[in-house]
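S.K.: Give me a 3D structure for the following:
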Amino acid sequence: MQLRRGFSNTLLAGVLGLASAFCLSPARADQSADALLGKAFEEIENNRLDLALDHIEALLRAKPNFRLAYLIKGDLLLARGRALKTFGNAPQGPSERLDDLRAEALARLHAYRDRPSQNQVPRYLMQMREDQRYAIVVDNKRARLYLYQNENGRPRFVADYYISTGKRSGEKTREGDEKTPVGVYHVTASLPKNKLSDFYGSGAFPISYPNEWDKRHGRNGHGIWLHGTPSDTYSRAPRASNGCVVLANADLDALSKKLQIGLTPVIISEQVEWLSLDDWNAERNALNAEIERWRSDWESLDTERYLTHYSKNFSADRENFADWGRHKRQVNSGKSWIKLNVSNFSMFRDPGKDELVVVTFDQDYRSNNLSNTMKKRQYWTKEGGKWRIIYEGAA
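M.R.: Just a heads-up that it's a prediction; the model follows:
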């Protein structure tokens, strides 16, 4: 039979059209579900259905709760007797469940077709701290989580994983809206399997939603986690969670070895923006230069020049821009000198609609009448083409 003709103008034909790119992706030593699926689709592409079935059966032996693989196996068996009209030919199957599996198949294959090149990085990873070994970037639209390693300041692609996110797309604003938040967060804790119900699989890692920017905008809710799947489920549909980021248990176990509590950034986007290394360097250097001007102007004791680095919409705790200005003028009037050292920077661009960068650093402040050290967090925003600070506080 001619499988390609039998699937003409169907969803699986679209999947098959991606198969070549899927199989050209780098081999995964861990024989992940995507890598094993790739072998099967390569054989389907070449109309070698028996070999494709062998690969699917091997996949099911390795991952016996992988429902998508069962669906593909069923199609391959049916294809021995008749041409198939669609992907997922179970005539009595629940349409909603079949639609979920089709969406998962396309999400997995699209991710491999469009895997980022080594010369591209997510726009958000502007600068990682020296002690931040890895960073996570989530793409809600593509149902993908990307893991990057900090390699002398440059993010280097390590791995990517299929994920499920919130049932509803768009900006999370309240408890129970079934949306995954978009923003810059950090892993805050590790919850082991024995402390959780089976629903969360092999463990869970809460993240810091709502962050300072979320709270400023009245966004609420809690309990946004990276977590696994129930023991009878290998993976869920791309949009199936109540707001959490859900991975297959094997993938979560692999990822968990890279996570640092309180340090690992988790940047969640609706769809990742990629930059060339040259553009990434230019954006990072431009903001670093502006932060250095802020530091130098604070040391200068020229309060008015220092305040030009702050947005008129600035807030810190309960202080607005006017309050902040009055406070700084009063403090600086008693200073004869200031020395300010800032180090151990991280800079992460927020993926939301605001042009915003979250900057965190260690601050060592010395003056004629006060000395202190602290970890500080600032939110910088673009106003009229110039970077200005719109929030500042302890990290």
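S.K.: just the strands in the stretch 251-395 of the chain please.
M.R.: 265-269, 274-276, 310-316, 319-320, 338-349, 356-367, 371-383, 386-394 (DSSP state E, counting those that start in this stretch).
S.K.: Same list, the ones you listed, but as JSON lines with mean pLDDT please.
M.R.: Conversion of those to JSON lines gives the following (pLDDT from 0 to 100):
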{"stretch": "strand 265-269", "mean pLDDT": "98"}
{"stretch": "strand 274-276", "mean pLDDT": "96"}
{"stretch": "strand 310-316", "mean pLDDT": "95"}
{"stretch": "strand 319-320", "mean pLDDT": "94"}
{"stretch": "strand 338-349", "mean pLDDT": "97"}
{"stretch": "strand 356-367", "mean pLDDT": "98"}
{"stretch": "strand 371-383", "mean pLDDT": "97"}
{"stretch": "strand 386-394", "mean pLDDT": "96"}
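S.K.: closest to residue 117 out of these?
M.R.: strand 274-276 (8.6 Å; Cβ to Cβ). For the C-beta atoms, the positions are set from N, CA and C on the backbone; glycine is no exception.
S.K.: Centre-most residue in this structure?
M.R.: residue 138 (2.0 Å; Cα atoms, centre = their mean).
S.K.: Give me the local confidence score for that residue.
M.R.: Reading off the confidence values, residue 138 has pLDDT 98.
S.K.: quick one: what helix or strand has it in it?
M.R.: Here residue 138, judged by DSSP states H and E, is contained in strand 134-139.
S.K.: List the buried residues of the helix or strand just after that strand.
M.R.: Moving toward the C-terminus from strand 134-139, the first helix or strand encountered (DSSP H and E) is strand 144-151. When burial is assessed from 16 or more other Cβ atoms under 10 Å, strand 144-151 yields the following buried residues: 144, 145, 146, 147, 148, 149, 150.
S.K.: for the chain, longest helix please?
M.R.: With DSSP state H applied, the helix covering the greatest number of residues in the chain is identified as helix 277-299.
S.K.: Out of the strands of the stretch 251-395 of the chain, which one sits most buried?
M.R.: For the strands of the stretch 251-395 of the chain, the stretch with the most neighbours on average is strand 265-269, a mean of 24; neighbours defined as mean count of other Cβ atoms under 10 Å.
S.K.: Tell me which other helices or strands it touches.
M.R.: strand 134-139, strand 183-186, strand 338-349 (3 or more Cβ pairs under 8 Å, 6 or more residues apart in numbering; DSSP states H and E).
S.K.: Residues in contact with that strand: which ones?
M.R.: With Cβ atoms under 8 Å, 6 or more residues apart in numbering as the contact definition, strand 265-269 has outside contacts at 122, 124-125, 128, 132, 135-140, 180-187, 207, 226, 245, 346, 348, 351.
S.K.: got the angle between that strand and strand 338-349?
M.R.: 50 degrees (axes from the mean of the first three to the mean of the last three Cα atoms, to 10 degrees).
S.K.: quick check: angle from strand 265-269 to strand 144-151?
M.R.: Here the directions of strand 265-269 and strand 144-151 differ by 140 degrees (the same axes, to 10 degrees).
S.K.: now the angle from strand 265-269 to strand 134-139?
M.R.: 10 degrees.
S.K.: Roughly how far does the closest residue to residue 66 other than its chain neighbours sit from residue 33?
M.R.: In space, not counting the residues next to it along the chain, residue 66 is nearest to residue 234; the distance is 3.9 Å by Cβ to Cβ, 6 or more residues apart in numbering. Residue 234 sits 7 Å away from residue 33, taking Cβ to Cβ, to the nearest Å as the criterion.
S.K.: For the nearest residue to residue 265 once chain neighbours are set aside, give the beta-bridge partners.
M.R.: Counting by Cβ to Cβ, 6+ apart, residue 265 lies nearest to residue 135, which is 4.8 Å off, once chain neighbours are set aside. When assigned by DSSP bridges, residue 135 has beta-bridge partners residue 148.
S.K.: Make sure residue 135 is actually in contact with residue 153.
M.R.: No - under the criterion of Cβ atoms under 8 Å, residue 135 is not in contact with residue 153, lying 11.9 Å apart.
S.K.: what's the overlap in contacts for those two?
M.R.: Here residue 135 and residue 153 share the contacting residues residue 128, scored by Cβ under 8 Å, 6+ apart.
S.K.: of these two, who's got more company?
M.R.: Between residue 135 and residue 153, counting by other Cβ atoms under 10 Å, residue 135 is the more crowded of the two (24 against 11).
S.K.: Enumerate every residue touching the more buried one.
M.R.: Neighbouring residues of residue 135 by Cβ under 8 Å, 6+ apart: 125, 128, 147, 148, 150, 155, 264, 265, 267.
S.K.: how close does it sit to residue 348?
M.R.: For residue 135, the distance to residue 348 (Cβ to Cβ) stands at 8 Å.
S.K.: so what's in contact with the two at the same time?
M.R.: In terms of Cβ under 8 Å, 6+ apart, residue 135 and residue 348 are both contacted by the residues 125, 265, 267.
S.K.: So what's the residue count around the spatially closest residue to residue 258 that is not a sequence neighbour?
M.R.: For residue 258, the nearest residue in space outside its immediate sequence neighbours is residue 134; the separation is 4.4 Å by Cβ to Cβ, 6+ apart. When neighbours are defined as other Cβ under 10 Å, residue 134 has 21 of them.
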